[in-house]
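Chemist: Below are the sequence and a predicted model for it; my questions follow.
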Amino acid sequence: MTVVHDIDKKMIYAYLDNIKDPEVPALSIIDLGIVKDIQYKEDELEVIITPTYTGCPAMDVISTSIRVMLSTLGFRKVKVTTVLSPAWTTDWMTEEGKRKLKAYGIAPPNPRQQVCNNKLFAPNESVQCPHCDSYHTRRISEFGSTACKALYQCEDCKEPFDYFKCH
C-alpha cells in the first residue's frame, strides 16, 4: 500500500468513527468526542485524543485500534498523542452518541450547568431512566460499572442503570 500524502480529514474521521469504545461498545470514539485533531506532517499521521478520565484504562486499547485502523489504510507512520488539557467534557459528545447511549441502556449526561437569573449553577441532577423515561430515579452509588458512570435506580420501573456522569 502507498502512503497517502494529501489526506482528507473527513475521510479519516469517518474511518475513526468505526472504532468503538471498549467500555461502551455502542459508542465510537467520534461519538465520545475524544478525537480532538488529526495532523499530517512529514509523512506522519498524528491523531490527538483526550481521555474521558485521566488514567482511563480504555485509552491503550483505543490508541492501538487507531494505529491498526490507519495502518490498514496505508499510513506507515501513525502517532497517537494523548492530551489532558483542556480536560474532556461530556459537552464534546455528539448528540448521536447521547442517543446511542440511551438506546444501549445508559442514561446520557445532562447539560453540565444551567443559568438562572444570570447566575451559573449546577442543579441537583434529575436523571431520566433510559428504560421507561421516568425522572423518578435515585442515585445508588457515585460509581457505576466504570469511573465515568454512576449507578442509579428507577423508582417506577425498578430497573438499575448506569448514568454517564457530566464533567
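Modeler: Received, thanks.
Chemist: Low-confidence stretches in this structure?
Modeler: Low-confidence segments of the chain (pLDDT under 70): 1-7, 111-125, 167.
Chemist: Go again with 50.
Modeler: For the chain, residues meeting the criterion pLDDT under 50 lie at 1-5, 113-123.
Chemist: Now do the helices in it.
Modeler: Assigned helices in the chain, in chain order: 9-16, 29-32, 58-72, 95-104 (criterion: DSSP state H).
Chemist: Against residue 84, how distant is the closest residue to residue 104 other than its chain neighbours?
Modeler: When the adjacent residues along the chain are set aside, residue 104 lies closest to residue 26, with 3.8 Å between them (Cβ to Cβ, 6 or more residues apart in numbering). Glycine gets a C-beta too; all of them are placed from N, C-alpha and C. If you measure residue 26 against residue 84 using Cβ to Cβ, to the nearest Å, the figure is 25 Å.
Chemist: neighbour count winner among those two?
Modeler: residue 26 (16 against 10; other Cβ atoms under 10 Å).
Chemist: So for stretch 92-112, what gets flagged as buried?
Modeler: Of all the residues in stretch 92-112, those buried under the rule 16 or more other Cβ atoms under 10 Å are 92, 93, 97, 98, 100, 101, 102, 106, 107, 108, 109, 110.
Chemist: can you list contacts of that stretch?
Modeler: Contacts made with stretch 92-112 from outside it, assessed by Cβ atoms under 8 Å, 6 or more residues apart in numbering, are listed as 24, 26-28, 30-34, 50, 89-91, 122, 125-131, 149, 152, 161-167.
Chemist: How about the contacts made by the residue nearest the centre of the chain?
Modeler: The residue lying closest to the centre of the chain (Cα atoms, centre = their mean) is residue 32, at 2.2 Å. With Cβ under 8 Å, 6+ apart as the criterion, the residues that contact residue 32 are 21, 52, 92, 93, 97.
Chemist: Tell me, how many residues neighbour residue 129?
Modeler: Should you count by other Cβ under 10 Å, residue 129 turns out to have 24 residues around it.
Chemist: I'd guessed it sits against residue 154; true?
Modeler: Yes - in this structure, residue 129 is within contact of residue 154 by Cβ atoms under 8 Å, at 3.9 Å.
Chemist: got any residues that touch both of these two?
Modeler: Here residue 129 and residue 154 have 136, 137, 161 as joint contacts, going by Cβ under 8 Å, 6+ apart.
Chemist: Dump those into TSV; add distance to residue 17 as well.
Modeler: TSV is the format used below for the shared contacts of residue 129 and residue 154 (distance: Cβ to Cβ, whole Å):
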residue	distance to residue 17
136	35
137	31
161	26
